[in-house]
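> quick one, fold the following:
(chains A and B)
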Amino acid sequence: MFFRSISLLAFATLFCFACAEKNDSTTDADQVTDTDETSDQATDVTNDELLSDNDIVSEPLAITPGEGIGAVKVGMTYAEVKAAIGTTEDVMIYNRLAIVTYPELALEMLFTSPEDFTLVDSGRLIAVGAKTDGQFDFAVTHGMTKEAALAAIDESGEDVGKRIYFPSGFSLEFDDAELVSLIGVFKPYVPKLEPPEMEPCASTKPALR
Amino acid sequence: MRTLYTAIFATLLLSFFPLNAAVTIDGEEYEVIDPHLHVGEFGAMPLGGKQFLSNFIFLGAAYLPALINDVSQPYGENIGIAGNMDIAGIDTGFLLGVYTRTVGYATNSQLETLLTDDRNDDGNGNKRFYGLASINFEGYDAPGVADTRLAALATYFDQRPDLFVGLKLAHAHMGFAFNEVLYQNVYEVAAEYQVPVLLHSGFSPFPGSEDTPEYYDPIYMEDVIARYDGLDEQGQPDANERPVTFVFAHVGQGDKQAIKHSLELAQKYPNVYFDLSALKRPFLRDINGVDIPEEDQQTDEDYDKDLGQIPYVLTLIKDMGLIDRVMFATDGPQYAGMLKSYLDAMIKGMQQVGYTTEEMHSVLAEKAKEVFFGATKKN
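Next up, the predicted model:
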């Protein structure tokens, strides 16, 4: 029954659980970790180095499909992201998948981590999203209609209703009014809807040593 | 000669299987094998599948390509299949080749590349992953196509018996019924190379999946099962036969009648086994095969709100004396942490129904080893 299934709902539920735990003083630290204090200390980046609101509005962050947003590039480690834009306390992780938010920059990031419930410095950024209320430089802007957004882009995407995925490495998410509410960036992918003709096995079993 | 070679190979495999069990239940360590793991990539998934997944995830759905591409690769960093197995404590996994209309494809060649990757060897010859090859049935009735593909399929079992330990089919996803004769010559390949066949059974929620019983109820396979049961007309083992073991994934889940049919087939035939994946879902059809209204599915008397169909199916299996025909599996990886979540549910279900320590060892690892690495020759 492949990927899918109701179990995915469980994933969402688990994330809800993680979100709920974040504000709960009784949280079991072994299960849900908000921040990795140890790794914060290790990167020589302090909260003082966070950009101020004035800095943020003066420099729109360029959205580059397949690469990243501003100084944040897909493929960076968590340490590298912190070195680039500072730290945040808004970290939620469950089963090696972490959502990290920088509210001042209107950025949302998706990391994977080698630790089940801690986002460590070697955690890997696999996607970054531009949320509303930020300053971004891109052909599509938040609040655009789907029609206007598609007219602004010279690429056909895969429209699944509330979202459109573009193979060059970005997505558009729409709110209930069908206006752009989130622009996601990730590595490019190649649509390959038809399998190639079956090939015979190319290798042979090694001789026993 | 082939039988002798296979027996030696199976013995070697069983002897050198890595025993690094990471699952401990009530002080007892258990090795765990997951013989039902899908590899894939976002780009190879049909639009309907992408839509289905996108609608189910409400957090991170904008990044679905990144999530799928990381989770569905065996060696994907941190949350790849191996990482998910580490989270759960699963020792060994079987990766599946598939050619479907619903969830895309993972070719046998792709699988071969993944299985021969240096990362699949711990340096002592121990593998983390084995593979089940599949066949593409699209355009299968065109002149010459069937012979070419069957020949290509056979090469995986002929040349890499150390990696490819079975055949995978998914009728409801591939769009052909259990009783369609056109496709049944594929079982001859399984018979020739003495590899088990893992088949999808039961409902799939994926768009485009066939949902009429002839596509998912194993009762429609009975002729084929009987043809390859390895028994003569008196019900005695026939040395001239080439038996095939059929492992029905999901035990016909979702339809109580299909579940009943599945287990009755196992009572009747020695070559019928099951994997216990994808059972954490509600029942959609009752014991008479009649649709259960959506508003009644969560309150069905046989449905467990935490474990879905698991207690119901495990109880039937125990009551019908079929524990030695079943093996754990997840149908993962799906998402980070799914393998652990499903393994935990299965363990809880077995404890709830009263499976013994020995029976749990069998379900979690020993039966899969027996079926895929040797016992098929005993039928």
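> and the pLDDT for residue 10?
You didn't pick a chain, so chain A it is. A:A10 carries a pLDDT value of 38.
> wrong chain, I was asking about chain B
pLDDT recorded at B:A10 is 43.
> show me which residues of the stretch 101-250 of chain B are close to chain A?
Within the stretch 101-250 of chain B, the positions adjacent to chain A are B:102-105, B:107-109, B:112, B:116, B:135-136, B:148-149, B:151-153, B:155-156, B:158-164, B:173, B:200, B:202, B:204-206, B:249-250 by CB under 8 Å from any CB of the partner chain. Where C-beta positions appear, they are placed from N, C-alpha and C, glycine not excepted.
> drop anything exposed from those residues.
Buried by 16 or more other CB atoms under 10 Å in any protein chain shown: B:102-105, B:107-109, B:112, B:135-136, B:149, B:152-153, B:155-156, B:158-164, B:173, B:200, B:202, B:204-206, B:249-250, out of those.
> follow-up on the earlier one: can you list which of the residues of the stretch 101-250 of chain B next to chain A are found in strands?
B:105, B:164, B:200, B:249 (DSSP state E).
> those residues: which two are farthest apart?
Across these, the longest distance by CB to CB is 18.6 Å; it joins B:F164 and B:H200.
> residue 182 - how many residues pack around it?
If you meant another chain, say so; for now it's chain A. For A:L182, the tally of surrounding residues (other CB atoms under 10 Å in any protein chain shown) stands at 20.
> wait, chain B
Neighbours of B:L182 using other CB under 10 Å come to 11.
> check A:E173 too.
18.
> beta partners for it?
Note on A:E173: beta-bridge partners by DSSP bridges are A:R163, A:L182.
> my guess is it contacts B:Y63. True?
No: look at A:E173 against B:Y63 with CB atoms under 8 Å: they stay out of range, at 9.7 Å.
> settle this for me: B:F94 is touching B:F129, isn't it.
Yes: B:F94 lies in contact with B:F129 (CB under 8 Å); the separation is 7.1 Å.
> could you tell me how far B:P35 is located from chain A?
14 Å (CB to the nearest CB, to the nearest Å).
> which SSE is the closest residue to that residue other than its chain neighbours in?
With sequence-adjacent residues excluded and distances taken as CB to CB, 6 or more residues apart in numbering or on different chains, B:P35 is closest to B:F94, at 4.1 Å. Using DSSP states H and E, B:F94 sits in strand B:92-96.
> what's in contact with whatever helix or strand comes next after that strand?
Sequence order places strand B:98-99 as the next helix or strand after strand B:92-96, per DSSP H and E. With CB atoms under 8 Å, 6 or more residues apart in numbering or on different chains as the test, strand B:98-99 has contacts from A:2, A:195, B:38, B:40, B:104-107, B:134-138, B:168, B:170, B:173-174.
> can we see that at 7 Å?
A:195, B:38, B:105-106, B:134-137, B:168, B:170, B:174 (CB atoms under 7 Å, 6 or more residues apart in numbering or on different chains).
> could I get those residues as TSV with pLDDT?
Listed next are those as TSV, based on pLDDT from 0 to 100:
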residue	pLDDT
A:P195	93
B:H38	97
B:Y105	94
B:A106	96
B:S134	98
B:I135	98
B:N136	97
B:F137	96
B:K168	98
B:A170	95
B:M174	94
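> going by proximity to chain B, name the top residue of chain A.
Chain B sits closest to A:N95 of chain A, with a gap of 3.0 Å, by CB to the nearest CB.
> check what pLDDT the nearest residue to that residue once chain neighbours are set aside gets.
Leaving aside its chain neighbours, A:N95 sits nearest to B:G337 (3.0 Å; criterion: CB to CB, 6+ apart). The model reports B:G337 with a pLDDT of 92.
> who does the closest residue to B:T24 other than its chain neighbours form a beta bridge with?
Nearest non-adjacent residue to B:T24, counting by CB to CB, 6+ apart: B:Y30, 7.3 Å away. Beta-bridge pairing for B:Y30 (DSSP bridges): B:V23.
> next, count neighbours for B:Y30.
21.
> one more: B:N240?
6.
> ok, it to chain A distance?
Distance from B:N240 to chain A, by CB to the nearest CB: 28 Å.
> tell me the confidence at that residue?
91.
> for it, helix, strand, or coil?
coil (DSSP: H, G, I helix; E, B strand; the rest coil).
> contact partners for it?
So, once contact is read as CB under 7 Å, 6+ apart, B:N240 ends up touching nothing.
> where does the prediction get shaky in chain A?
A:1-58, A:208-209 (pLDDT under 70).
> by mean pLDDT, point me to the weakest helix or strand of chain B.
Within chain B, no helix or strand scores below helix B:2-16, which has a mean of 42 by mean pLDDT, DSSP states H and E.
> which element, helix or strand, includes the nearest residue to B:T116 once chain neighbours are set aside?
Leaving aside its sequence neighbours, B:T116 sits nearest to A:S203 (CB to CB, 6+ apart; 5.7 Å). Counting by DSSP H and E, no helix or strand carries A:S203.
> quick check, A:S203 in contact with B:L111.
No: counting by CB atoms under 7 Å, A:S203 stays clear of B:L111, with 11.5 Å between them.
> can you report how many residues lie near B:A345?
For B:A345, using other CB under 10 Å, the count is 21.
> scratch that, B:A146 is what I was asking about
18.
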